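Colleague: Next one to model:
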Amino acid sequence: MHSQIPAEGILKINDWGSSRVYQVVCGCNNPDHSHNVWVEADESGVNVIIYTTNTSKFWTKNRWRQIWELLTTGQVEQEVGLIMSEQQTLNYAKSLTLAIEDVKGFKKKR
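Modeller: Now for the predicted structure:
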């Protein structure tokens, strides 16, 4: 199995030279489960930042218990899930590799 171009499950949203932005969708097709991946080159090196929507385990605790937990510990347990097929996982890895190479090359040119 090889990575694809265009890639299944990976959408390139923007390209600003020193950064690339991708949207990685979940296999369940729920847009709340997708996440955005930013690959950026700056003075400190290459950074990969993942933005996603967290959800609480609302079925195990009621709202007041979660509020109490936040007030007393400063933390609330949350989770993020992303289902990817084997092909999508290969595409994801290849997209990250290519983005890192591209932003490093752009940084060297400047």
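
Colleague: and Ile50, what is it in contact with?
Modeller: His35, Asn36, Val37, Trp38 (C-beta atoms under 8 Å, 6 or more residues apart in numbering). To be clear about C-beta, it is placed using only N, CA and C from the backbone, and glycine gets the same treatment.

Colleague: give me that answer again for 7 Å
Modeller: His35, Val37 (C-beta atoms under 7 Å, 6 or more residues apart in numbering).

Colleague: What are the buried residues along the stretch of helix or strand it belongs to?
Modeller: Secondary structure assignment for Ile50, by DSSP states H and E: strand 45-52. Neighbour counts using 16 or more other C-beta atoms under 10 Å place Val46, Thr52 of strand 45-52 among the buried residues.

Colleague: can you give me the helices for the chain?
Modeller: Secondary structure of the chain, counting by DSSP state H: helices at 63-73, 86-109.

Colleague: Output these in CSV; the columns should cover mean pLDDT, distance to Gly9 and mean neighbour count.
Modeller: Shown next, in CSV, are the helices of the chain (pLDDT from 0 to 100; distance: least, C-beta to C-beta, whole Å; neighbours: other C-beta atoms under 10 Å):
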stretch, mean pLDDT, distance to Gly9, mean neighbour count
helix 63-73, 86, 32, 11
helix 86-109, 85, 3, 16
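
Colleague: nearest to Lys12, of those helices?
Modeller: Closest to Lys12 of these, according to C-beta to C-beta: helix 86-109, at 7.6 Å.

Colleague: Reformat the helices of the chain as CSV; add distance to Asn47.
Modeller: Listed next are the helices of the chain as CSV, based on distance: least, C-beta to C-beta, whole Å:
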stretch, distance to Asn47
helix 63-73, 29
helix 86-109, 9
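
Colleague: Of the ones you listed, which is nearest Asp15?
Modeller: helix 86-109 (8.2 Å).

Colleague: Could you export the closest one as CSV, keeping only the C-alpha atoms?
Modeller: Output of helix 86-109 as CSV, limited to C-alpha atoms (Å, rounded to 0.1, in the frame of the first residue of the first chain):
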residue,chain,number,x,y,z
GLU,A,86,-4.9,2.1,6.9
GLN,A,87,-4.8,4.2,3.7
GLN,A,88,-5.6,7.4,5.5
THR,A,89,-2.9,6.7,8.1
LEU,A,90,-0.3,6.3,5.4
ASN,A,91,-1.5,9.5,3.7
TYR,A,92,-1.4,11.3,7.0
ALA,A,93,2.2,10.3,7.7
LYS,A,94,3.3,11.2,4.1
SER,A,95,1.5,14.6,4.3
LEU,A,96,3.3,15.4,7.5
THR,A,97,6.7,14.3,6.0
LEU,A,98,6.2,16.3,2.9
ALA,A,99,5.0,19.4,4.8
ILE,A,100,8.0,19.3,7.1
GLU,A,101,10.4,19.1,4.1
ASP,A,102,8.6,21.9,2.3
VAL,A,103,8.6,24.3,5.3
LYS,A,104,12.2,23.5,6.1
GLY,A,105,13.1,24.3,2.5
PHE,A,106,11.2,27.6,2.6
LYS,A,107,12.9,28.6,5.8
LYS,A,108,16.4,27.9,4.3
LYS,A,109,15.6,30.1,1.3
